[in-house]
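Visitor: Sequence unavailable; structure follows:
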């Protein structure tokens, strides 16, 4: 079984007023199947709107299985206090199974007239942006334990990519003001061994633990224009840059330096 992930709320992408409900936890969102889709369990969910209608089409038995399309949706991930910490767009949500929450038998059917019953829904969906290995950094944010720099350093290449994706999708909910132009940031380069580790270290230097400041060259160019935690011009002092100079392709380093210069900012290698 997939590792239990954060709770979420769901809303139809086609109709912003069509609220689909809230789940207390999820599994499977970051585990692609062979065809690229995800089989996600929405645990402790009281489905509403289009999601409830799809669940009802599975059947009115206490435990039902089948396939009932609900449509596209926005999934908002929640921290332990119920605040939104990130959002994904998901395609083609299809309900495949409906069970009473916790797998117990009994209670009101999905379409009953009594109080809303908490259900465990199994849905099939597509979400290219929910990268594998993103579960752990989301869990750190959910529990408030992303509280020190360098946690990404234990990750391999795929883990670093997942880390960066979470940093990006979480950034909009951090409510960080831009630091004023002229600020100098310290980048710790001791663990920079590829492009993704460079971006992990850069995001941390500018926006703190788990911070985001680009994850490819186009995104770096955008970030150096402001509105991503730092106003230009800015200076980044890349300390312990030897590892990066040894591992990173020379054309990549040259392009990074060029982007900084074009945006009126400075990257110094020490």
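Guide: In hand now; what should we look at? These numbers were taken from a predicted model, which means no experiment stands behind them.

Visitor: which strand in the protein runs the most residues?
Guide: strand 84-100 (DSSP state E).

Visitor: Please tell me how far the following helix or strand past that strand is from the chain's geometric centre.
Guide: Of the helices and strands lying after strand 84-100 in sequence (DSSP states H and E), the nearest is strand 119-126. Centre-to-centre, strand 119-126 and its host chain are 18 Å apart (C-alpha atoms, centre = their mean, to the nearest Å).

Visitor: can you give me the angle strand 119-126 makes with strand 84-100?
Guide: Counting by axes from the mean of the first three to the mean of the last three C-alpha atoms, to 10 degrees, strand 119-126 lies at 120 degrees to strand 84-100.

Visitor: which other residues reach the helix or strand following strand 119-126?
Guide: Counting by DSSP H and E, the next helix or strand C-terminal to strand 119-126 is helix 135-142. Contact with helix 135-142 is made by 3, 5-6, 29-30, 77-80, 85-86, 146, 151-152, 159, 162-163, 166-167, 170, 210, as judged by C-beta atoms under 8 Å, 6 or more residues apart in numbering. C-beta here means a position set from N, CA and C on the backbone, and glycine is covered the same way.

Visitor: following helix 135-142, which helix or strand shows up next?
Guide: Counting by DSSP H and E, what follows helix 135-142 is helix 157-171.

Visitor: which residues make contact with that next one from outside it?
Guide: Residues contacting helix 157-171 (C-beta under 8 Å, 6+ apart): 30, 85-88, 129, 131-138, 141, 152, 155, 194, 196-197, 199-200, 203, 207, 210-212, 215, 219, 228-229.

Visitor: picking up where we left off before, quick one: strands adjacent to the longest strand of the chain?
Guide: Partners of strand 84-100 in the sheet, by DSSP bridges, are strand 64-78 (antiparallel), strand 119-126 (antiparallel).

Visitor: what's the closest non-adjacent residue to the one residue sitting closest to the centre of the chain?
Guide: The residue lying closest to the centre of the chain (C-alpha atoms, centre = their mean) is residue 166, at 3.9 Å. Leaving out its chain neighbours, the residue that sits closest to residue 166 by C-beta to C-beta, 6 or more residues apart in numbering is residue 137, at 4.1 Å.

Visitor: tally of neighbours for the one you found?
Guide: Other residues within reach of residue 137, judged by other C-beta atoms under 10 Å, total 24.

Visitor: again with residue 23
Guide: 28.

Visitor: With residue 177 instead?
Guide: Residue 177 has 8 nearby residues by other C-beta under 10 Å.

Visitor: quick one, phi psi at it?
Guide: phi -70, psi 150 (degrees, to the nearest 10).

Visitor: Against residue 193, how distant is it?
Guide: Distance, residue 177 to residue 193, by C-beta to C-beta, to the nearest Å: 32 Å.

Visitor: rewinding a little: name the residues of the longest strand of the chain that are buried.
Guide: 85-88, 90, 93-100 (16 or more other C-beta atoms under 10 Å).

Visitor: Mind putting those into a markdown table with distance to residue 117 and pLDDT?
Guide: Formatted as a markdown table, these follow (distance: C-beta to C-beta, whole Å; pLDDT from 0 to 100):
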| residue | distance to residue 117 | pLDDT |
| --- | --- | --- |
| 85 | 27 | 97 |
| 86 | 28 | 98 |
| 87 | 27 | 97 |
| 88 | 26 | 98 |
| 90 | 24 | 98 |
| 93 | 20 | 97 |
| 94 | 21 | 97 |
| 95 | 15 | 96 |
| 96 | 18 | 95 |
| 97 | 15 | 94 |
| 98 | 10 | 94 |
| 99 | 11 | 93 |
| 100 | 7 | 93 |
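
Visitor: Nothing else from me, thank you.
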